[in-house]
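> below: sequence and its predicted model.
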Amino acid sequence: MSAYLRKRLLSFFIVLAGVSILSFLLITFSNTDPAEVIARRNYSGATEEMIEQVRIEMGLDKPMAKRYFDWLGGLFSGDMGISLYSFRPIREDFAAYFPTTLALTGLSLIWIVVISLPVGLLCARFKDGIFDHLTRGFTLLGICLPTFWLGFLLLIAFAVRLPIFSVVPAPGLKGLLLPSFTLAVPVICAFIRLFRSSLLGELNRDYVVYARARGLSPRRILLHHVMRNALPPIIILFCQYLGYMIAGGAVVEKVFSLSGIGSYLISSVLAADSNAVATCIVIIASVFVISNLVGDIASRLLCPWMVRETNV
Amino acid sequence: MFKKVLCNPQAVIGLVLIAVVLAAAVMAPMLAPHDPEAVDVTRKFAEPGKEYPLGTDQLGRCELSRLLYGARYSIGMSLPTLLVLSVIGLVLGCLSACSGKAVDRIFITVCDIFISFPSLIIAAAVIGVLGNGMQNIVIAIIISMWAWFTRMIRSYAVAEMGRDYILAARISGCSTFQIIVRHLIPNIMSQFLVYVSTGVASAILMVSGFSFLNLGLSAGAAEWGAMLNEARSSLYSHPELLIYPGACILITSAGFNLFGEALRDIIEPEEGQ
């Protein structure tokens, strides 16, 4: 375990460093020159000298490596620089948008666990039954659905035809029920499919035959023996989706007129605000890398006897 | 193989859906009753009738014509993307599997770094730097998906490299290049095709998702995601304008997914059962 942990942590830090370097390069490659944007805002009719002076004040004339470490240090200390569009500190923007994203993602995760685990178990228990076939059809449909379209369908059904919810987001939990469900549906479908096939794969193993020979009921075998062994791929996928849902939330946020990190990212891109874009990107990607690490380690702890090809 | 595909109802349904969308894309100028870009504000939100089979949108453009031309965007962007991705994936994946441990590790780490960026983020970054344009959307999807393709093909190749026939080929004096081209690629081809088919579906979803968010295409383009975005304001008055484009996206991605899944069942009968 400790050898695995060492290797896994090493690759974690390498990937994290790569992610931050790529995000930083984005600022330097973008077409907007931060010094010029800020100089033009502060002084009307800014001359080349003024722009140059702002560049020196901001430390943009320093070598790239130095700027990278300054930027990285800023991220860790919470000073993410200022937005080139609103000229507010990016940290304030984040503080304003993050709670929505957190609530949306958290609620979606609850939907995912509550729906996909029982359905997957039922499908595996009554394989090739009516329920199994129906689920197979629905989940296939679910992974082909564009999320935003699903969101609109739900809005048409539950806000226009049956006015249970409102089109403009209601404050609190009620306003997040439809958006979080929309965000969760494709993930739920992918999960049910993976969990079902993972459970069925485990059901073919010898220990199941042994347990059956001992006289254990199929239900007990499924819930106590098979489920635990079938969980690791699900946990790994669960953690992978976490990072994706923060960014993928942009689409859902637009449908339901919410303002979270995803829509902040998109509006920053459209406003050519490279500082804010890079900060969003590095944070979302880091969440992905960290949750991936947690997933790998958690599945290892759950099933230490499983030697898997985890690419480490 | 071909006969097996025709005997599998799921594969046939998938193929029919793909054929319908391809036909719509190719024959859009012949099938469309109107110019998809022709604005006629006096006829906005026209009821479906003889002249406008599906009615018109908020600018009086023919909905059916726009849907037909929309197939060109989806197919026209996702198929070239997948072609490039396949080449990149096959070359890098096989190289990674056949080269030594150190090189393999570097490949994996670089892939891991790219996989850490959700596709939407990469699209946002690429379009932020390069600006709007169809080719930039294609570039964005390639950058976001190449690492998945490389990793996937590498894992197929690694499994295949452990087989005896590769050893036999090596003993009889095949060079690594010969092994890759003559033995490895033909043997991972079927698994690879399954991955490509489901990859087309996800590329189509990505394209429409990006244009729904105004990333990449100029305003007014007859792309399904962009049409959904424009129809947002008529949620109460004309919800059908929101339903049509989404249904087209669903049909297209379902076609490729159904076909890909059926192909997987045909190739690996024991899995997924």
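It's in.

> where does residue 75 fall, secondary structure wise?
This is for chain A. Take DSSP states H and E as the rule and residue A:75 turns out to sit in helix A:64-77.

> meant chain B, my bad for not saying
Using DSSP H and E, residue B:75 falls in helix B:63-98.

> how about whatever helix or strand comes next after that helix and chain A, any contact?
Sequence-wise, the next helix or strand downstream of helix B:63-98 (DSSP H and E) is helix B:101-115. Yes. Using C-beta under 8 Å from any C-beta of the partner chain, helix B:101-115 reaches chain A at B:108-110, B:112-113. Quick note: C-beta positions are derived from backbone N, CA and C, even for glycine.

> which of those residues are buried, as a PyMOL select command?
Remark: buried members of the residues of helix B:101-115 next to chain A, expressed as a PyMOL selection using 16 or more other C-beta atoms under 10 Å in any protein chain shown:
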select buried, chain B and resi 108+110+112+113
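
> ok, the residue nearest to residue A:139 when sequence neighbours are not counted - contacts?
Nearest non-adjacent residue to residue A:139, counting by C-beta to C-beta, 6 or more residues apart in numbering or on different chains: residue A:189, 4.0 Å away. The neighbours of residue A:189, taking C-beta atoms under 8 Å, 6 or more residues apart in numbering or on different chains as the test, are A:138-143.

> ok, 6 Å please
A:139, A:142-143 (C-beta atoms under 6 Å, 6 or more residues apart in numbering or on different chains).

> near chain A, which residues of the stretch 51-200 of chain B?
Contacts of the stretch 51-200 of chain B with chain A, taken as C-beta under 6 Å from any C-beta of the partner chain, map to B:108-109, B:112-113, B:116-118, B:120-121, B:124-125, B:128-129.

> and the helices in the stretch 101-250 of chain A, which stretches?
Using DSSP state H, counting those that start in this stretch, the helices found in the stretch 101-250 of chain A span residues A:130-144, A:147-155, A:174-203, A:206-213, A:218-220, A:227-255.

> the helix holding residue A:75 - contacts with which helices or strands?
When contacts are defined as 3 or more C-beta pairs under 6 Å, 6 or more residues apart in numbering or on different chains; DSSP states H and E, helix A:64-77 packs onto no helix or strand at all.

> correct me, but residue B:262 touches residue B:9?
No. With contact defined as C-beta atoms under 6 Å, residue B:262 does not reach residue B:9; the gap is 8.3 Å.

> pick out whichever of these two has more residues nearby.
residue B:262 (22 against 10; other C-beta atoms under 10 Å in any protein chain shown).

> ok but that one is inside a helix, no?
Yes. Residue state for residue B:262 (DSSP: H, G, I helix; E, B strand; the rest coil) corresponds to a helix.

> residues contacting it?
Residues in contact with residue B:262, defined by C-beta under 6 Å, 6+ apart, are B:8, B:10-11.

> out of those, which comes closest to chain A?
residue B:10 (9.0 Å; C-beta to the nearest C-beta).

> my guess is the closest one contacts residue B:258. True?
Yes. Between residue B:10 and residue B:258 there is a contact at 5.5 Å, judged by C-beta under 6 Å.

> so between those two, which is more surrounded?
Applying other C-beta under 10 Å to residue B:10 and residue B:258 shows that residue B:258 carries more neighbours, namely 27 against 16.

> model confidence score at the more buried one, please.
Predicted confidence (pLDDT) for residue B:258: 90.

> tell me what the helix holding residue B:75 is packed against?
By 3+ C-beta pairs under 6 Å, 6+ apart, helix B:63-98 packs against helix B:9-26, helix B:28-31, helix B:134-161, helix B:185-212, helix B:240-267.

> how about low-confidence regions in the stretch 101-250 of chain A?
A:170 (pLDDT under 70).

> got the residues of it near chain B?
Along the stretch 101-250 of chain A, the residues adjacent to chain B under the rule C-beta under 6 Å from any C-beta are A:144-146, A:148-149, A:152, A:156, A:160, A:197, A:244, A:247.

> from those residues, which two are the most distant?
Among those, the pair separated by the greatest distance (C-beta to C-beta) is A:160 and A:197, at 38.0 Å.

> what's near enough to touch residue B:200?
With C-beta under 6 Å, 6+ apart, residue B:200 has these contacts: B:78, B:82, B:256.

> dump the helix holding residue A:75 to CSV, keeping only the CA atoms.
Taking C-alpha atoms only, helix A:64-77 is exported to CSV below (Å, rounded to 0.1, in the frame of the first residue of the first chain):
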residue,chain,number,x,y,z
MET,A,64,8.4,33.8,-17.5
ALA,A,65,9.5,31.3,-14.8
LYS,A,66,9.5,34.1,-12.2
ARG,A,67,6.0,35.2,-13.2
TYR,A,68,4.8,31.6,-13.1
PHE,A,69,6.0,31.1,-9.5
ASP,A,70,4.5,34.5,-8.5
TRP,A,71,1.2,33.5,-10.0
LEU,A,72,1.3,30.1,-8.3
GLY,A,73,2.2,31.7,-5.0
GLY,A,74,-0.7,34.1,-5.4
LEU,A,75,-3.1,31.2,-6.0
PHE,A,76,-2.0,29.5,-2.8
SER,A,77,-2.3,32.7,-0.7
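
> helix, strand, or coil at the closest residue in space to residue A:271 that isn't next to it in sequence?
Leaving aside its sequence neighbours, residue A:271 sits nearest to residue A:85 (C-beta to C-beta, 6+ apart; 4.1 Å). With three-state DSSP as the basis, residue A:85 sits in coil.

> how close does residue A:85 sit to residue A:59?
Separation of residue A:85 from residue A:59 (C-beta to C-beta, to the nearest Å) stands at 21 Å.

> these two: who's more crowded?
residue A:85 (18 against 11).

> residues contacting the closest residue to chain B within the stretch 201-312 of chain A?
Nearest residue of the stretch 201-312 of chain A to chain B, counting by C-beta to the nearest C-beta: residue A:247, 3.9 Å away. When contacts are counted by C-beta under 6 Å, 6+ apart, residue A:247 touches A:262, A:284, B:118, B:120-121.

> that one and residue A:152, how far apart?
20 Å.

> list the residues that contact the residue in chain B that chain A sits nearest to.
Closest contact between chain B and chain A, by C-beta to the nearest C-beta, is at residue B:246 (3.0 Å). Under the criterion of C-beta under 6 Å, 6+ apart, the neighbours of residue B:246 are A:146, A:149.

> go again using 10 Å as the cut-off
Contacts for residue B:246 (C-beta atoms under 10 Å, 6 or more residues apart in numbering or on different chains) come out as A:145-146, A:148-153, B:208, B:212, B:224-225, B:227-228, B:231.

> now do residue B:196
Residue B:196 sits in contact with B:82-83, B:85-86, B:89, B:149, B:203, B:256, B:260, B:263, where contact means C-beta under 10 Å, 6+ apart.

> quick one: low-confidence residue ranges for chain B.
B:269-273.

> middle-most residue in it, spatially?
Nearest to the geometric centre of chain B sits residue B:200, at 2.3 Å (C-alpha atoms, centre = their mean).

> for that residue, which non-adjacent residue is spatially closest?
That would be residue B:256: by C-beta to C-beta, 6+ apart, it lies 4.3 Å from residue B:200.

> what of residue A:52?
residue A:35 (7.6 Å).
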